[in-house]
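**Student:** Predicted structure and sequence below. I'll ask about it afterward.
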Amino acid sequence: AQKVTQAQTEISVVEKEDVTLDCVYETRDTTYYLFWYKQPPSGELVFLIRRNSFDEQNEISGRYSWNFQKSTSSFNFTITASQVVDSAVYFCALSPQTSYDKVIFGPGTSLSVIP
Amino acid sequence: DTGVSQDPRHKITKRGQNVTFRCDPISEHNRLYWYRQTLGQGPEFLTYFQNEAQLEKSRLLSDRFSAERPKGSFSTLEIQRTEQGDSAMYLCASSPRGVAGLYEQYFGPGTRLTVT
């Protein structure tokens, strides 16, 4: 089965704290892509990162970093020194080789950053 | 603004009526996707087009739903005989030509449907 699990439904942090959003995926495909999207209160999903299954290097982009571990089928997202503008729903998504275009989204994690 | 646009942004309809939504993708994108998102859930894939060809449909897309992309540009999603369970946000996304999966999808603002 192809599936994405985001066990944290809601997280609240105080501004400037670090926060990690968990993502666990299931697929039998050896080739796949993983994504993170942000959905702010305005509603439009915004692409954050794409990672293919052969690239396990961690990535850092400003305050954002991603930790991809194939051994545990996880693709976790960390925000360092969180800001109020980070408040949004964050979705992890899987694009398996058997159907790249049929992207499977997780249920999302709602992050609230309190000033 | 050269992003994905959707029209209308909100639609309220009575049960049993037909509704049609429009999506205009980013102009050079050949792939177009429709998703449905209910409250507290992630987007669920409905269907996608490569140019004018509809290549895959989800089991979620019952026979009351139909999508078209007649000239490979804009797309329409029609729901016939709406039911209260159809109330959701309908999202459109597009992605550029290339190896499938290589490019991210760019999402529109969505059409929020309320069936009363």
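**Tutor:** Yep, it's here.

**Student:** CA only for contacts and neighbour counts going forward, please
**Tutor:** Fine.

**Student:** who in chain A is up against chain B?
**Tutor:** Contacts of chain A with chain B, taken as CA under 8 Å from any CA of the partner chain, map to A:32-33, A:35, A:43-47, A:50, A:91, A:95, A:97, A:100-108.

**Student:** which ones are touching B:S27?
**Tutor:** Taking CA atoms under 8 Å, 6 or more residues apart in numbering or on different chains, we find B:S27 in contact with B:2, B:73.

**Student:** Sticking with it, tell me its helix or strand.
**Tutor:** Here B:S27, judged by DSSP states H and E, is contained in no helix and no strand.

**Student:** Just give the number of residues close to A:P115.
**Tutor:** Counted by other CA atoms under 10 Å in any protein chain shown, the residues lying close to A:P115 total 10.

**Student:** List the contacts of the spatially most central residue of chain B.
**Tutor:** Residue closest to the mean C-alpha point of chain B, counted by CA atoms, centre = their mean, is B:W34 at 3.0 Å. Neighbour list for B:W34: B:45-48, B:90-93 [criterion: CA under 8 Å, 6+ apart].

**Student:** what ranges do the strands span in chain B?
**Tutor:** Assigned strands in chain B, in chain order: B:5-7, B:10-13, B:19-24, B:31-37, B:44-50, B:53-57, B:65-68, B:75-79, B:88-95, B:106-107, B:111-115 (criterion: DSSP state E).

**Student:** Specify the angle between the helix-or-strand element of chain B with minimal mean pLDDT and strand B:44-50 in degrees.
**Tutor:** None of the helices or strands of chain B scores lower by mean pLDDT, DSSP states H and E than strand B:53-57, at a mean of 90. Here strand B:53-57 runs at an angle of 160 degrees relative to strand B:44-50 (axes from the mean of the first three to the mean of the last three CA atoms, to 10 degrees).

**Student:** Strand B:53-57 packs against which elements?
**Tutor:** Applying 3 or more CA pairs under 8 Å, 6 or more residues apart in numbering or on different chains; DSSP states H and E, one finds that strand B:53-57 contacts strand B:44-50.

**Student:** Would the strand it packs on count as contacting chain A?
**Tutor:** Yes: interface with chain A: strand B:44-50 contributes B:44-45, B:48 (CA under 8 Å from any CA).

**Student:** which regions of chain A sit below the pLDDT cut-off?
**Tutor:** For chain A, no stretch has pLDDT under 70.

**Student:** that older thread, farthest-separated two in the contacts of B:W34?
**Tutor:** Distance extremes for the contacts of B:W34: the farthest pair is B:Y48 and B:Y90 at 13.3 Å, using CA to CA.

**Student:** Could you tell me which ranges of chain B sit under the pLDDT cut-off?
**Tutor:** Where chain B drops to pLDDT under 70, the residues are B:1, B:98-102.

**Student:** With adjacent residues omitted, what lies nearest to A:T9?
**Tutor:** Leaving out its chain neighbours, the residue that sits closest to A:T9 by CA to CA, 6 or more residues apart in numbering or on different chains is A:T109, at 4.8 Å.

**Student:** got it, and B:F74?
**Tutor:** B:D24 (4.5 Å).

**Student:** residues near that neighbour, how many?
**Tutor:** For B:D24, the count of nearby residues is 21 (other CA under 10 Å).

**Student:** One more: A:F54?
**Tutor:** Neighbourhood size, A:F54 [other CA under 10 Å]: 11.

**Student:** Isn't it up against A:L34?
**Tutor:** No: contact criterion CA atoms under 8 Å: A:F54 and A:L34 do not qualify, at 10.9 Å.
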